[in-house]
Structure formats: structure tokens, C-alpha cells
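J.: how would this look folded up:
(2 chains)
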There are 2 protein chains.
Amino acid sequence: MQDNLNPTASPRRTVLTGDRPTGPLHLGHYVGSLKTRLALQETHQQFVLVADTQAMTDNAHDPDKVRRNVLEVALDYLAVGIDPGKTTIAVQSALPALAELTLLYMNFVTVARLERNPTIKEEIQARGFGRDIPAGFLCYPVAQAADITGFKAHVVPVGEDQAPLIEQTNEIVRRINRQVGRDVLPEAQALIPTTGRLPGVDGKAKMSKSQGNSIPLSSSADAIRESVRSMYTDPNHLRASDPGTVEGNMVFTYLDAFDEDRATVERLKAEYRAGGLGDMVVKRRLEEQLQALIAPIRERREQLAREPGYVFDVLRAGTQRAQAVTQGTLDDVRAALGTFSFDAVTR
Amino acid sequence: MQDNLNPTASPRRTVLTGDRPTGPLHLGHYVGSLKTRLALQETHQQFVLVADTQAMTDNAHDPDKVRRNVLEVALDYLAVGIDPGKTTIAVQSALPALAELTLLYMNFVTVARLERNPTIKEEIQARGFGRDIPAGFLCYPVAQAADITGFKAHVVPVGEDQAPLIEQTNEIVRRINRQVGRDVLPEAQALIPTTGRLPGVDGKAKMSKSQGNSIPLSSSADAIRESVRSMYTDPNHLRASDPGTVEGNMVFTYLDAFDEDRATVERLKAEYRAGGLGDMVVKRRLEEQLQALIAPIRERREQLAREPGYVFDVLRAGTQRAQAVTQGTLDDVRAALGTFSFDAVTR
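T.: Take a look at the predicted model:
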């Protein structure tokens, strides 16, 4: 599904995105989601959730990590240019209406359906839960449906592997709309990025802090230099004069993702393939690009980190706005279903 | 486990009980729980939940029924003598902290553990869910753990078949207390009634509205007469002069439950067994007892039903008190676990 990003569309459509605060954001997040958010905040009503409740579904043993990273993720957002005047940043655990919607929706989804969810299946395997899946983890697609519908989001940017979560959301939406006989909730569209996921510097499929193969957005100049220096290239490209392989070579993968001078990148690829271009030359070019990208982010981040009061004020204001929106949705859903309400009885 | 009901104990221990509002309460509820609550409100700090959120776990297709029965159940409570000056009556769906605690606890319970819960296993079978169990139904023991701990209840009156739910609650309590290194939540004790469950008038194990074998607390005098007249006795006791069987004979089962003149009941049993006592005689005695028990309840109920504003005021006041208590518990648990809080960051 594709969303219409036409900025003249009125009223603005609503986007919901977010991150689990389990570690600092890195270049993989920048390419995969943050860049998209910078564009969407110009054209859409955008909500970004710091999903600390969801982070607890696989970090219940370490709530401290989740708590500390709420501020870190918020710093990353503001440092890359998420503008609190255009985007509402909210802390999930401070939105009780989302918990209430989750419990309500859990009555409209079967256990068998959740167990069939391909994303959940894969993640259960990846996390090594086996039979001991926490109930919260099995049910997190329902919580995500609560997040998406709680903001009445029309558009949800997700990785391709997460598209089943949007389908699960829309199943709940259709079931409730059918029961109440009208569209109290909108269906959501997955906005799947055209660029693939950025691999780790070691060439492994996913950049992640726990794998030690990521370049955080807060990286020092030295750390960036070291990451690029140690980057996985073509192990058979031993001398500069040898022909080299571009595919699966992280330096070229990263140049594709970050270097906007496409012609130069194509020329370098051709030279590298033909032989005569050393790894050091392309690494130097990539490093320049990454240093140029990250330096201003790191500087804004350091400046903001000295003003945590301001960052928390931004989060507090966004969370208050999000509380009003999500409580409004909960009220709408309850009224449509006809559940008990003190407000209704006094009428 | 037995609770100490000593009224001089100080401070008062906390009791949590409640009912799913899915139909009017009947004599089975009176014998099984309401009588106990009348005693407990004199000795304990008692909270009674109108559990409309839990009722949705198997009534999501009919929220209307649940909503209407919130008032009906409240009328039953007040009519039997639950005193809002002594007992806090609250509506579950208006307590967001319980939903938030439920989601949090779901991270501390595995799916496998929930599937092993004997109460859940039986109820899944009784409701004919098969593989299509709603996720909310599978997880309702977690929601119940949130209810019990949300009020920091020490005592929970439950039927024997529900004791596993208290064990599930205490497993969560122990797991959280262990993780935080102190007793932020108390363990709860099941208070299991010494009298068994009251069967239906047809002799079936459970009195229930859906089985059409119940005597509601709002029954008219005629309905009571009709229920007793049609009551299952001894099918082989054809003439008054025949010897009859007392065991499994509902008239005697009910006399055991409601007639406080034990000596007379024992004399009637002996005569019935020996032969010479007709069903009509014992039925007349039982009817007198039930008419005397229900008449004042029915009258108070009719009077209260003419003042729904008063009843909702009682519910509203109780719910507000319950909101403060449960929010306090949520704050305690979050602070102990160390999850994110705006209050904590401003310190």
C-alpha cells in the first residue's frame, strides 16, 4: 500500500510511528525511519511514541534500561530534527487509554490468531523464548493496534517484516466497525520504505546495539572513523589493483544509503569492480559523508543533553496532547460499543 | 487458607470481591458470596468490583448486556444490605490503573502458565471456545491479579474452583517482589466458603440465569412460589406415604442453606426418609423461608430502582475512591520497578 504524501491534501492525514527505548538510535534508524519522519512532519499530523510499555514486553527484567533510554531516544529525535512544533512526541506508559484499548481489543482477537502472526513467530524465535513467551509479548500486536487506532492513524511507516502487524490492526478495526455498524475507527495503511534495511558494519542483516555492529547517532568522530575503518568489504579484495566486488560490500552499501552524489558512487563502483581502487579510498569518502551527517546531530544532541529539563518539557507537552487524543478515541470506541459510562448515565 | 475474621484486628485487612455484571444476582450469589460480604464489611475494609471489563472477555459481542447489568448488580448489592458507608462499590472499567497493571503483569506471566491454569481450562471448555479463545479470556487471570493487587487485598473470597486464580496472583506478586527486592505487593489469601455452591432448582450443579434454574433476588412472590413448586425432589417419592431420599433433593438442599431452625429441618428429613411426609409440606416450609428472605430485598430493590440517580452516585463515589487506591498501587509498583515517570524526572 502506498500513502499519498501530497502536502496540499487537507485535512492532514495522521501518521503514527515510534521506537522501543532500549538503546540509542543509530544510522539504521536514520535510514529506515527517522528520515521518513522528517519528511512526514511537513505533510502529515505526526505522532511519535516512545514505546516504553511495549519495550517492557521483552525487557521486564530490566525496567531501568527502558527508563534511561526514554530520554536518550527523545534526544535522538530532537537532534535529528524532529520538530516538536510539527510532531507530537509522547511517552507510551503515560497514556492509560492505550492500555484500556488494548484490554478491550484483546476480546476481539483469538490466541490462535496471535500465534499465527508471522512477525510474532519470527521474533519469538529471535528472542529464544520457546514455550515461555510472556503473555505481554504474544499480545503486543494487540497493544500496537491500540497505539495505531488510539491516534486514529491513517499511515504507519513500518519495515516490510512488520506489515502483518498492520493487518492485525485492521482486522480488529473491521471487527469493531462491523459490530457497531459504522466506521468508528479508520483502517491504517502500512508505509513501507523503498530502501531496504541498513545492515550492520559487519555485514550482518540488522544493525543493532546488542550486536556491536551499529553506528549510533551520538557517535564521536573517532568512533565513526573506527567503524568505517573496520567495515566489512570484499574479503578477496586484497590489493588495490585486484578487481573487487561491490555487492555485499558494506562500504558501497552505505555509500548507496548516504551519498547523494549518485554519479560519483557509480563511477567508484565501476573502478572498484575493474580493479585499481583501494578500500581506503572508498572508506575515506564514506567516512566524510558520515562525519558530515552525524557531526551536526551529535552537536545538537550534546547541547540538548545539557538541558534535560527542556527535553522533558517537550515530552510532557506531547504526552498531554496524546493523552487527550487517545482518551477521545477510547471514549468514541466505548460509546460506539455501548459499554458502561458514568457520563452516559447522567444524560 | 483461612482468614482471621477477628473484628478487633487493627488496622482492618482489605478484602476484594466482585461480580461480572452479566445478569441479575440470585440466591446462589446470596449463599455463595453476598452473605459473606455482609459479614466482612463489619470487620474488613471491603472493595466490591462491578467487573464489567472482565465481563467483556466473554461478552464482547454483547456490550449492551454488560452495560445494563452494571445498574442491576448495584441494585442487588444495595438491596441485600451492602452498605456504601462500609463497603466501596466500584465500576471496573472506570479504573484505568487496573488496565495498566494488567499490561505490566502480562510481562511476568508466560502463555504456557496461563494455558495450564485449571480454572481457565475448565471455563474454556464450559464456554465452548475450543481453539478460538479470545486473548482477553486467556489473560483474564492476569487482569484478576491486577484487580486483587490493585487494591492490595489481603483476602479474596472465592469458590473452591477459583483458588488457582489466587495462586496465579501470588506468583506474580512474588515475582515482582523478588525483582524489586521488597514486598511492594502483599500476597492474597483465598477465603473459601465452608458451605458448598447452591445448585439450581432443577438439581443441576450450578444456579445460573442462562440455565433458567435460578431464583433471582428480585423475584416476585409468584415467581418464588413457582420455582419452589417445580423444584427437583426425589423422582421416586410418588406418594406422601413412600419413604423419600433427602440427598440430591433440592428442597432439602435449600432448607439446609436457608432454614436456620436446624432442629426442625433434621426432624423433617427423618420423617421424609421414613415415609409419611409429602413434598408439598416441605416445599411450603421452604417457600415461607424464601419469601421471608427475599421480600425485604425485593422491596428495597424496587425502591432503589426508582432512584437510579442515587445508585449511580453511590457507584461514582465508590469508583472515585477506588481510582485513588488503584492509581496509588500502580504508582508504587512502577516506582519499585523503576519504570519511567514524569514525576520522578522533575525531582
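J.: run a quick neighbour tally on residue A:122.
T.: 12 (other C-beta atoms under 10 Å in any protein chain shown). Heads up, the C-betas are built off the backbone N, CA and C, glycines and all.
J.: what about it, which helix or strand?
T.: Using DSSP states H and E, the element containing residue A:122 is helix A:118-126.
J.: any residue of that helix up close to chain B?
T.: No - applying C-beta under 8 Å from any C-beta of the partner chain, one finds helix A:118-126 separated from chain B by no less than 9.9 Å.
J.: other SSEs contacting that helix?
T.: Contact partners of helix A:118-126 among helices and strands, from 3 or more C-beta pairs under 8 Å, 6 or more residues apart in numbering or on different chains; DSSP states H and E: helix A:135-138, helix A:140-150, helix A:163-180.
J.: now the longest one: buried residues?
T.: Buried residues in helix A:163-180, defined by neighbour count with 16 or more other C-beta atoms under 10 Å in any protein chain shown: A:163-166, A:168-173, A:176-177, A:179-180.
J.: tell me which element residue A:89 falls in.
T.: Assigned by DSSP H and E, residue A:89 belongs to strand A:87-91.
J.: chain B is nearest to which of the helices and strands packed on helix A:118-126?
T.: helix A:135-138 (3.6 Å; C-beta to the nearest C-beta).
J.: got the domain ranges for chain A?
T.: Following automatic domain parsing, one gets these domains for chain A: A:14-198+A:308-346, A:219-304.
J.: can you list contacts of the helix holding residue A:122?
T.: A:114-115, A:130, A:133, A:137-138, A:140-141, A:161-162, A:164-165 (C-beta atoms under 8 Å, 6 or more residues apart in numbering or on different chains).
J.: now the angle between helix A:140-150 and the longest helix belonging to chain A, please.
T.: Identified as the longest helix of chain A according to DSSP state H is helix A:308-337. The directions of helix A:308-337 and helix A:140-150 differ by 90 degrees, with axes from the mean of the first three to the mean of the last three C-alpha atoms, to 10 degrees as the criterion.
J.: so for helix A:308-337, what's the average pLDDT?
T.: Across helix A:308-337, pLDDT averages out at 98.
J.: and it, what does it pack onto?
T.: Packing partners of helix A:308-337 (3+ C-beta pairs under 8 Å, 6+ apart): strand A:45-50, helix A:63-80, strand A:87-91, helix A:96-105, helix A:140-150, helix A:163-180, helix B:342-346.
J.: so which of the domains of chain A gets nearest residue A:204?
T.: Of all the domains of chain A, domain A:219-304 sits nearest to residue A:204, with 8.6 Å by C-beta to C-beta.
J.: measure the closest one end to end?
T.: Distance between the two ends of domain A:219-304: 15 Å, counting by C-alpha to C-alpha, to the nearest Å.
J.: how far does that domain sit from its chain's centre?
T.: 24 Å (C-alpha atoms, centre = their mean, to the nearest Å).
J.: so is it next to chain B?
T.: No - using C-beta under 8 Å from any C-beta, domain A:219-304 never reaches chain B; the gap is at least 14.6 Å.
J.: show the pLDDT at residue A:194.
T.: For residue A:194, the model assigns a pLDDT of 79.
J.: do residue A:65 as well
T.: At residue A:65, the predicted lDDT confidence score is 97.
J.: what about it, how many neighbours?
T.: So residue A:65, with other C-beta under 10 Å, has 14 neighbours.
J.: also residue A:143?
T.: When neighbours are defined as other C-beta under 10 Å, residue A:143 has 25 of them.
J.: wait, what's in contact with it?
T.: By C-beta under 8 Å, 6+ apart, the residues touching residue A:143 are A:53-54, A:57, A:98, A:102, A:136, B:103.
J.: got the residues you listed as TSV, with distance to residue A:212 columns?
T.: TSV is the format used below for the contacts of residue A:143 (distance: C-beta to C-beta, whole Å):
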residue	distance to residue A:212
A:53	27
A:54	24
A:57	24
A:98	33
A:102	34
A:136	28
B:103	32
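J.: what's the closest of those to residue A:284?
T.: Set against residue A:284, the nearest of the contacts of residue A:143 by C-beta to C-beta is residue A:54 (40.2 Å).
J.: I'd assumed residue A:95 was in contact with that closest one.
T.: No - with contact defined as C-beta atoms under 8 Å, residue A:54 does not count as touching residue A:95 (11.6 Å).
J.: tell me where the model's unsure across chain A.
T.: Within chain A, the set of residues satisfying pLDDT under 70 comprises A:1-10, A:131, A:346-347.
J.: try 90 this time
T.: For chain A, applying pLDDT under 90 flags the ranges A:1-11, A:115-132, A:159-162, A:192-197, A:204-212, A:238-240, A:343-347.
J.: the helices and strands packed on helix A:308-337: which one's closest to residue B:333?
T.: Closest approach to residue B:333 among the helices and strands packed on helix A:308-337 is made by helix A:63-80 (10.3 Å; C-beta to C-beta).
J.: distance from that closest one to the middle of the chain?
T.: 13 Å.
J.: with stretch A:19-33 instead?
T.: In terms of C-alpha atoms, centre = their mean, the centre of stretch A:19-33 is found 6 Å from the chain centre.
J.: what ranges do the helices span in the stretch 201-347 of chain A?
T.: A:221-229, A:250-258, A:262-274, A:279-305, A:308-337, A:342-346 (DSSP state H, counting those that start in this stretch).
J.: look up how far chain B lies from residue A:77.
T.: Counting by C-beta to the nearest C-beta, to the nearest Å, the gap from residue A:77 to chain B is 15 Å.
J.: my guess is that residue contacts residue A:41, does it?
T.: No - with contacts counted by C-beta under 8 Å, residue A:77 stays clear of residue A:41, the gap being 10.6 Å.
J.: before we move on, the earlier item: ChimeraX command for the buried members of the contacts of helix A:118-126?
T.: A single ChimeraX command is used to select the members of the contacts of helix A:118-126 judged buried by 16+ other C-beta under 10 Å:
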select /A:114,133,137,138,140,141,162,164,165
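J.: ok, and which of the contacts of helix A:118-126 reach chain B?
T.: Filtering the contacts of helix A:118-126 for proximity to chain B by C-beta under 8 Å from any C-beta leaves A:114, A:133, A:137-138.
J.: need those in JSON lines (columns: distance to residue A:29).
T.: Formatted as JSON lines, the entries for these read as follows, by distance: C-beta to C-beta, whole Å:
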{"residue": "A:114", "distance to residue A:29": "27"}
{"residue": "A:133", "distance to residue A:29": "26"}
{"residue": "A:137", "distance to residue A:29": "22"}
{"residue": "A:138", "distance to residue A:29": "26"}
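J.: with adjacent residues omitted, what lies nearest to residue A:90?
T.: Nearest residue to residue A:90 in three dimensions, chain neighbours excluded: residue A:322, at 3.5 Å (C-beta to C-beta, 6 or more residues apart in numbering or on different chains).
J.: so what's the one you found up against?
T.: By C-beta under 8 Å, 6+ apart, the contact set of residue A:322 is A:47, A:49, A:88, A:90, A:95, A:151.
J.: residues near the third one, how many?
T.: When you say that, I think you mean residue A:88. Neighbours of residue A:88 (other C-beta under 10 Å): 22.
J.: ok so, going back, so which of the helices and strands packed on helix A:308-337 is nearest residue A:223?
T.: helix A:63-80 (15.5 Å).
J.: great, nothing more from me.
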